[in-house]
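S.K.: Quick check, what structure comes out for this input:
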Amino acid sequence: MRKLNLRSYQTTQKVLGGDGQPIEVIGNYNVKDSIINVMFLPTLKLQGAELVRQNVLAMKIETCENEVELEEAEYQRVKEAIEAYPAQSRADVELVDRILNQTPEIS
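M.R.: Sure, this is the predicted structure:
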């Protein structure tokens with residue numbers, strides 16, 4: 001079993017304002033929704049029963065609050081999805097790191 005942290009985290013990004021000056025934009029990164037979206041990437045080519053199994057896992061994650069306990073096979077499916085994810089910004093680093101490096105085995 002693995003324990004995955006689903007808590008949202010705060011991000012800070014620098015963008016150019018209308019006057020051309022950099023401004024910091026603080027946002028909230030919704031981990032749970034991001035994981036669920038990544039689990040259905042077209043590059044995973046989910047079909048038939050595999051798509052249904054993925055949806056059952058997504059519903060399990062969706063119903064949890066701050067963390068979810070995953071069987072090893074479930075964790076491997078989430079890991080496979082995040083490894084196929086083409087990150088969009090630096091804000092995604094925490095999400096990827098949580099899944100690949102911060103999902104401890106539990107007994």
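
S.K.: residue nearest the centroid of the protein?
M.R.: Nearest residue to the geometric centre of the chain (CA atoms, centre = their mean): residue 35, 2.9 Å.

S.K.: On the three-state scheme, that residue is what?
M.R.: For residue 35, the assignment made with DSSP: H, G, I helix; E, B strand; the rest coil gives helix.

S.K.: Quick one: the helices in this protein, in order.
M.R.: For the chain, the helices defined by DSSP state H cover 31-38, 48-63, 72-84, 92-101.

S.K.: and the worst-scoring helix or strand of the chain on mean pLDDT, what does it pack onto?
M.R.: Ranked by mean pLDDT, DSSP states H and E, the helix or strand of the chain with the weakest confidence is strand 9-16, at a mean of 84. If you count contacts as 3 or more CB pairs under 8 Å, 6 or more residues apart in numbering; DSSP states H and E, strand 9-16 packs onto strand 22-29. For the C-beta atoms, the positions are set from N, CA and C on the backbone; glycine is no exception.

S.K.: Name every strand pairing with the strand it packs on and say which way it goes.
M.R.: Partners of strand 22-29 in the sheet, by DSSP bridges, are strand 9-16 (antiparallel).

S.K.: what's the burial count for the nearest residue in space to residue 6 that is not next to it in sequence?
M.R.: Take residue 6 and drop its neighbours on the chain: the residue closest to it by CB to CB, 6 or more residues apart in numbering is residue 32, 4.6 Å away. Neighbour count of residue 32, defined by other CB atoms under 10 Å: 19.

S.K.: Same check on the one 5 residues further on?
M.R.: Using other CB under 10 Å as the criterion, residue 37 is surrounded by 13 other residues.

S.K.: Pretty sure residue 91 sits against residue 13.
M.R.: Yes: the pair residue 91 / residue 13 is scored as a contact, 6.5 Å apart, by CB atoms under 8 Å.

S.K.: Spell out which residues are contacts of both of these two.
M.R.: Common neighbours of residue 91 and residue 13, counting by CB atoms under 8 Å, 6 or more residues apart in numbering, are residue 27.

S.K.: More neighbours: those two, which one.
M.R.: Neighbour count, other CB under 10 Å: between residue 91 and residue 13, residue 91 has more, with 16 against 12.
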